[in-house]
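1. no letters, just coordinates:
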Ligand code: DP6
């Protein structure tokens, strides 16, 4: 077969997700088995996603991968585990037009090329590994004609990065921790699709930070080893919260959804503080955003916005509807105007139509925003220009898809190398 020249290729796109009930702590580090269930919202892939092209050819000499144009090593255990598990499940492929005939056995010796690209900055701390591993597994499964469904694929993506298993579905997703030692029942299920609750609008604040953060993987290992609060959280708090969150999502009950989301984010960060030595993921800007939202929600008498923070200072703000999202953006721009060298167009990304709804179209409008009404108690308004790098406006989104348009492929269809 090595003398043959064909290249078979698949391109897929996979969303990222934000947990509203957090995964923090493993009971098995290799299989990536968690100590509690978690629930997430999938973000619209139009604004935050990974695109991955995978190719196979008898001409390839080894498995290789390029991330955002740069070659990276596939030697790590997590990549190897995903590749092995997918190869095990590969089946026959026949493509008459190209004269391609691959049997189940051939997949053991054929090599793959993988190219992956994030449509958001990888370094911004926006769960790029979740979308990345989900996309890798999904694309390889299509390439190798794997018959397993998304749930079973999620259990493979989980072995790349825990949170990746939740990116195999759109909408609202639960990662069931499972009981089996093999990890076969530790997988994601969809609770509701993205159309179920499409009033929600999500604003991500990418917070400026100079500090190098502790990775989730080592942070959660230290928490498991040292935090008694984490033990209590996993055993007593999360099981009840999961049921309440499922109910809130089913009934589109925003007040319950918001209070559970904020409480769970705050508890996750309390666990980080309870870890020895303590881990600080949020910074002053994160804390200012929390106070702003808490004050506003309190003044309105019912929650308008929920906040949640992962292993970094970025805020993910979930507004109850478009009106609340535009009022939120006005507040955010009031407190966190762009720094001197940034224009509004590169400061609010994603669904930019939110700017019209917020009645802000230029820097003059930003400068003349009035202080939020809830400040009327005489608190001097404090503005912090430059503390936020940019905002992304998005919404709950759909799950992985195969992209048939060849112009979207990241590998050349003749050579199988990056375009
Ligand atoms: C705080 O999935 O990045 O985002 O499984 O070690 O790869 P590994 O960790 P990762 O952890 C995510 C932690 C979190 C919460 C969450 O997404 O549930």
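-> Ah, there it is. None of these values were measured; they are calculated from a predicted model.

2. elements contacting the helix or strand hosting residue 292?
-> Using DSSP states H and E, residue 292 sits in helix 284-300. Based on contacts counted as 3 or more Cβ pairs under 8 Å, 6 or more residues apart in numbering; DSSP states H and E, the elements that helix 284-300 packs against are strand 201-207, strand 305-308, strand 315-319, helix 322-335. Using the backbone N, CA and C atoms, a C-beta is placed for each residue, glycine as well.

3. out of those, which is closest to the ligand?
-> strand 305-308 (9.1 Å; Cβ to the nearest ligand atom).

4. give the pairing partners of that closest one; include direction for each.
-> strand 315-319 (antiparallel) (DSSP bridges).

5. returning to what we had before: export the helices and strands packed on helix 284-300 to JSON lines and tack on mean neighbour count, mean pLDDT and distance to residue 110?
-> Compiled in JSON lines, the helices and strands packed on helix 284-300 are given as follows (neighbours: other Cβ atoms under 10 Å; pLDDT from 0 to 100; distance: least, Cβ to Cβ, whole Å):
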{"stretch": "strand 201-207", "mean neighbour count": "23", "mean pLDDT": "96", "distance to residue 110": "39"}
{"stretch": "strand 305-308", "mean neighbour count": "24", "mean pLDDT": "98", "distance to residue 110": "42"}
{"stretch": "strand 315-319", "mean neighbour count": "25", "mean pLDDT": "97", "distance to residue 110": "40"}
{"stretch": "helix 322-335", "mean neighbour count": "21", "mean pLDDT": "98", "distance to residue 110": "48"}
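
6. so the helix holding residue 292, near the ligand or not?
-> No. Applying Cβ under 6 Å from any ligand atom, one finds helix 284-300 separated from the ligand by no less than 13.4 Å.

7. tabulate the helices and strands packed on helix 284-300 (a markdown table), appending distance to the ligand.
-> Compiled in a markdown table, the helices and strands packed on helix 284-300 are given as follows (distance: least, Cβ to the nearest ligand atom, whole Å):
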| stretch | distance to the ligand |
| --- | --- |
| strand 201-207 | 13 |
| strand 305-308 | 9 |
| strand 315-319 | 10 |
| helix 322-335 | 22 |
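
8. for the stretch 51-200 of the chain, what spans make up the helices?
-> Assigned by DSSP state H, counting those that start in this stretch, the helices in the stretch 51-200 of the chain fall at 77-88, 128-143, 150-157.

9. and those: which comes nearest the ligand?
-> That would be, of those and by Cβ to the nearest ligand atom, helix 128-143, which comes in at 5.4 Å.

10. can you give me how far the closest one is from the chain middle?
-> 13 Å (Cα atoms, centre = their mean, to the nearest Å).

11. before we move on, what about stretch 292-311?
-> With Cα atoms, centre = their mean as the basis, stretch 292-311 stands 21 Å off its chain's centre.
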